[in-house]
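# No letters, just coordinates:
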């Protein structure tokens with residue numbers, strides 16, 4: 001693939017400038033105020049696919065935001081790779097914590113990225129990683145070294161639960177026929193320690209509302225006489241974990257997959273520095289479920305976390321008020337065999353049952369997704385591992401991720417396809433947080449590595 005690699009080396013500046021232009025588009029799918037921008041991002045992705053050499057590039061409208069499709073079918077006898085990614089991004093809030101504007105990309109050097117990193121919302125999740133595939137595809141097409149048929153499905157609702165993707169893939173199942181799905185919405189252990197994600201946690205996401213009196217009350221006249229929804233909500237949430245940080249919802253752990261000691265020992269071989277981990281987060285120690293390591297807590301164990309909590313007066317100065325309502329958003333990360341709908345129902349039943357008299361509780365389910373574990377002995381996984389070995393000089397370590405990509409399970413259920421998750425981001429890239437960034441090393445290394453996956457996968461399918 002020398003011609004492909006030469007093309008990449010000769011076009012690095014172009015690839016970077018094109019990504020920067022894409023990152024300038026505030027394609028925030030969660031906020032309707034940015035609807036035009038989300039559609040602009042879809043058009044931009046379609047334009048890039050076309051210029052890269054894709055055929056039949058189409059923007060498919062859904063009841064939400066569009067899905068961009070493109071393909072290059074060079075030979076029906078060759079295997080077909082279906083690339084999935086997303087062009088929507090998380091909200092940039094809190095804006096005041098960004099060192100530079102979220103949608104005005106800048107390149108800065110850091111200790112981890114001495115060669116520079118792009119700071120912008122979506123730089124790593126997922127515009128930068130999705131765009132690697134478009135640029136790798138371009139390099140293979142322009143150099144005449146595309147070894148597999150290629151299809152692209154890039155959506156605009158991943159950050160809000162991919163609510164219309166299921167309908168799309170069911171309707172266009174024939175169009176999406178492939179041999180493997182390739183995703184880069186994950187990460188790797190370090191720039192000198194490549195890894196491939198082999199497992200993802202599932203997700204159950206809910207919003208809770210606690211109501212006390214029928215209106216906000218004077219805290220002097222009514223304090224101590226009626227239930228304060230904010231106090232009550234805080235107590236209810238605190239009760240969801242015991243002294244060992246074990247989740248107290250009855251039945252929550254009934255289907256949790258327990259790994260063997262041998263499997264846990266194998267996981268422990270992945271490099272991890274407690275001191276470096278704490279230093280990177282500016283904390284003096286880790287925190288979590290007793291009897292499990294930090295790596296295990298973040299991958300093979302289920303969790304329950306409050307993602308937001310609000311109520312009452314939060315403006316400048318003081319307002320002595322007992323709020324009528326209090327709210328929280330709560331996510332539960334799930335492990336193999338836990339079923340999102342079942343966990344949501346267990347949460348709802350339990351949370352309603354612990355509400356004290358004088359309050360009313362409403363639990364509203366949001367999106368969810370199934371946990372996934374992918375095989376490491378498949379042709380596709382081996383093709384990916386060999387690709388990393390070619391560009392990094394060492395084989396990739398299989399790891400389970402704590403994150404969730406609900407559509408991976410959906411792809412397997414509807415399309416009957418396994419997924420290989422070739423992520424190049426780092427845990428320190430601050431995805432979903434202020435100052436999100438993506439190393440230039442990682443961006444270019446992804447573009448260089450992906451073509452070798454195509455080459456290896458094609459060769460393995462010829463044997």
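Good, I have the coordinates. This one's a predicted model, so the numbers in the text were calculated from it and none came from an experiment.
# Quick check: bridge partners of residue 209?
residue 327, residue 362 (DSSP bridges).
# doesn't residue 352 make contact with it?
No: here residue 209 does not reach residue 352: they are 11.4 Å apart, not a contact under Cβ atoms under 8 Å. In short, each C-beta sits where N, CA and C put it, glycine included.
# can you give me the helices for the protein?
2-10, 12-23, 35-52, 127-142, 165-171, 219-222, 229-238, 261-267, 274-281, 294-297, 340-353, 379-392, 406-414, 440-462 (DSSP state H).
# deepest of those, which one?
helix 127-142 (a mean of 25; mean count of other Cβ atoms under 10 Å).
# Was I right to think residue 105 contacts residue 121?
No: in this structure, residue 105 is not within contact of residue 121 by Cβ under 8 Å, at 9.1 Å.
# residues shared between the contacts of the two?
Counting by Cβ atoms under 8 Å, 6 or more residues apart in numbering, the shared contacts of residue 105 and residue 121 are residue 23.
# which of the two has more neighbours?
Per other Cβ atoms under 10 Å, whichever of residue 105 and residue 121 has more neighbours is residue 121, with 27 against 23.
# show me the residues around the more buried one that make contact.
Taking Cβ under 8 Å, 6+ apart, one finds 23, 26, 89-90, 92, 102-103, 436 in contact with residue 121.
# Which one of the residues you listed is nearest to residue 194?
residue 436 (21.5 Å; Cβ to Cβ).
# Distance of that closest one relative to residue 22?
14 Å (Cβ to Cβ, to the nearest Å).
# can you check residue 283 too?
As judged by Cβ to Cβ, residue 283 and residue 22 stand 34 Å apart.
# So, low pLDDT: which residues of the stretch 51-200 of the chain?
Judged against pLDDT under 70, the stretch 51-200 of the chain has no low-scoring part.
# Can you tell me which of the contacts of residue 121 has the most neighbours?
The most neighbours of any of the contacts of residue 121, using other Cβ under 10 Å, belong to residue 89, which has 32 neighbours.
# Now residue 60: closest residue in space, sequence neighbours ignored.
Leaving aside its chain neighbours, residue 60 sits nearest to residue 67 (4.7 Å; criterion: Cβ to Cβ, 6 or more residues apart in numbering).
# The one you found: what's it in contact with?
By Cβ under 8 Å, 6+ apart, the contact set of residue 67 is 59-60, 153-156, 164-165, 168.
# how about 10 Å then?
Residues in contact with residue 67 (Cβ atoms under 10 Å, 6 or more residues apart in numbering) are 42, 58-61, 86-87, 152-157, 162, 164-165, 168-169, 172.
# just the buried members of the residues you listed?
Neighbour counting over the contacts of residue 67 (16 or more other Cβ atoms under 10 Å) leaves 42, 59-60, 86-87, 152-157, 162, 164-165, 168-169 as the buried ones.
# which among the residues you listed gets closest to residue 178?
Nearest to residue 178 out of the buried ones among the contacts of residue 67 is residue 153 (Cβ to Cβ; 9.6 Å).
# wait, the closest one sits on residue 68?
Yes: if you go by Cβ atoms under 10 Å, residue 153 and residue 68 touch, sitting 7.6 Å apart.
# can you list residues touching both of the two?
Shared contacts of residue 153 and residue 68, defined by Cβ under 10 Å, 6+ apart, are found at 60, 85-86.
# Restricted to strands, list the contacts of residue 67.
Within these, residues falling in strands by DSSP state E are 58-60, 86, 152-155.
# Please identify the buried residues of stretch 201-218?
201-206, 208-213, 216-217.
# could the ones in strands among the contacts of residue 67 go into CSV alongside distance to residue 180?
Below are these laid out as CSV (distance: Cβ to Cβ, whole Å):
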residue, distance to residue 180
58, 22
59, 24
60, 22
86, 19
152, 14
153, 13
154, 17
155, 18
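# tell me the two of these that are most distant?
So, the ones in strands among the contacts of residue 67 by Cβ to Cβ: farthest apart are 58 and 86, at 16.8 Å.
# buried ones in stretch 236-253?
236-237, 240-241, 247, 249, 252.
# Closest one of the residues you listed to residue 72?
Within the buried residues of stretch 236-253, proximity to residue 72 (Cβ to Cβ) peaks at residue 252, which comes in at 46.1 Å.
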